[in-house]
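K.L.:
the following comprises the amino acid sequence and a computationally predicted model.
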Amino acid sequence: MRNRQIILKAYPVGMPKASDFELVERDVPKPGPGQVLVRTIYMSLDPYMRGRMNNNRRSYAEPIKLGEVCQGGTVGQVVASNDPDFKEGDFVADFGGWQEYSISAKGFLRKLDPDLAPISTAQGVLGMPGHTAYAGVIGLSKLKAGETLFVSAASGAVGGVVGQIARIKGARAVGVAGTDEKCAFVRKELRFDACFNHKGDLAAGFKEHCPKGVDVNFENVGGEVFWNAFSRMNLHGRIIICGFISAYNDTDLPPGPDRSGMILGGALVNRLTIHGLLVSDWMHLWADFQRDVSGWIRSGELRYREDIVKGLENAVPAFQGLLQGKNFGKLLVQLSDDPTR
Ligand code: NAP
Ligand code: FER
């Protein structure tokens with residue numbers, strides 16, 4: 001049996017190029033004592049992977065080494081097992097990377113029950129992105145009923161969950177997204193109070209849709225969207241810095257005015273609290289997150305959308321698309337049949 005993998009060939013400069021990656025074929029490895037061999041069904045593509053392809057700045061995780069398989073969360077099925085806790089046929093969430101088969105060490109694998117939720121959700125609404133939303137809103141933001149929460153990338157894996165939790169908690173949820181179709185989905189399907197296109201007039205959008213200002217800004221994007229949300233922050237507002245995807249490919253400072261004085265001044269005058277959020281700091285909320293979000297999905301209070309691309313050879317274009325807003329919902333690449341669908 002052969003295993004197709006995508007390895008990192010060069011650290012990308014700016015937007016990753018096809019030539020920064022290579023699709024290689026190797027033998028499927030044999031699981032050693034205590035190990036499990038997993039066939040990948042879905043692999044997750046996430047913005048943080050861009051950060052792991054840099055070797056020239058400090059981060060919370062080590063960069064991928066050149067020649068190594070690109071890292072990432074996966075959902076798969078056990079093909080062979082030397083671990084008494086897992087048997088052939090079990091569905092699992094894993095960190096298998098961009099490849100068709102992977103060996104997992106004990107400790108990383110999580111058994112999935114396909115009767116409880118579609119297995120793909122283990123890398124989306126019921127996985128790391130949903131957990132990030134839950135940690136930020138429930139764990140950090142001190143959001144109260146009646147307040148306004150603003151979130152960018154609102155139709156995405158994290159943003160969609162953020163606004164819906166805010167609504168469930170009695171707050172006003174306002175989002176931005178990159179197309180009118182995404183905005184309509186966020187309003188109608190995800191039932192945010194408002195969502196407008198960030199490619200339009202941002203200042204007018206904020207004025208119309210956040211008439212009482214912003215109490216919590218859940219930041220996913222950065223750039224002009226951040227600046228406009230910042231300008232609307234209320235006294236004692238909270239900013240959750242989850243991500244800043246608009247700058248992930250930057251190689252230099254963007255052109256434009258230096259707003260650092262206005263940002264510091266606004267933070268001081270409004271006595272803002274700015275939190276950096278790292279999902280892995282919030283494992284103590286994992287069980288609460290699973291209980292609450294799966295309950296809200298079952299009751300119909302929380303909805304989600306997946307964008308499933310087929311075939312390992314389409315992973316790199318899909319990843320490039322993620323960094324330009326071409327995905328619509330949680331981006332997954334399907335590598336083999338999902339026997340549960
Ligand atoms: P996602 O929202 O499903 O997909 C990314 C979205 O970002 C795109 O669909 C696009 O939405 C927007 N985007 C992409 N490139 C952009 C650009 N150049 N300018 C403006 N918007 C752009 O992704 P996700 O997984 O939910 O991640 C959302 C954010 O959360 C990212 O910043 C990610 O790094 C962060 N995150 C942080 C943690 C943590 O622990 N801190 C954990 C998970 C995720 P539009 O078309 O609507 O613009
Ligand atoms: C993690 C911490 C953070 C992780 C992902 C993130 C896969 C995402 C960060 C980002 O998108 O900026 O442990 O595990």
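P.N.:
All right, it came through fine. Numbers count the residues shown, from 1 in each chain. Ligands and ions are numbered 1, 2, ... in the order given.
K.L.:
any idea which helix is longest in the protein?
P.N.:
Among the elements of type helix in the chain, defined by DSSP state H, the one spanning the most residues is helix 286-299.
K.L.:
which helices and strands does that helix pack with?
P.N.:
helix 128-134, helix 159-168 (3 or more C-beta pairs under 8 Å, 6 or more residues apart in numbering; DSSP states H and E). (C-beta placed from N, C-alpha, C; glycine too.)
K.L.:
ok, now with 7 Å
P.N.:
Secondary-structure packing of helix 286-299 (3 or more C-beta pairs under 7 Å, 6 or more residues apart in numbering; DSSP states H and E): helix 128-134.
K.L.:
from the chain's centroid, how far away is the helix it packs on?
P.N.:
Using C-alpha atoms, centre = their mean, to the nearest Å, the distance from the centre of helix 128-134 to the centre of the chain it belongs to is 8 Å.
K.L.:
okay, now Lys326: neighbour count?
P.N.:
Applying the criterion other C-beta atoms under 10 Å, we find 14 residues in the vicinity of Lys326.
K.L.:
for the one 4 residues further on, same thing?
P.N.:
Other residues lying near Lys330 total 27 when counted by other C-beta under 10 Å.
K.L.:
skip the chain neighbours and tell me the closest residue to Ser336.
P.N.:
Nearest-residue entry for Ser336: Ile41, 5.4 Å, with adjacent residues in sequence omitted and distances by C-beta to C-beta, 6 or more residues apart in numbering.
K.L.:
show me where the stretch 101-250 of the chain has its strands.
P.N.:
Listed in chain order, the strands of the stretch 101-250 of the chain (DSSP state E, counting those that start in this stretch) span 101-104, 110-112, 148-151, 172-177, 194-197, 214-219, 233-241.
K.L.:
am I right that Ala315 is in contact with Val333?
P.N.:
Yes: using C-beta atoms under 7 Å, Ala315 and Val333 qualify as a contacting pair, with a distance of 4.9 Å.
K.L.:
quick one: closest of the strands of the stretch 101-250 of the chain to ligand 2.
P.N.:
Ranking these by their distance to ligand 2 (criterion: C-beta to the nearest ligand atom) puts strand 233-241 first, at 9.5 Å.
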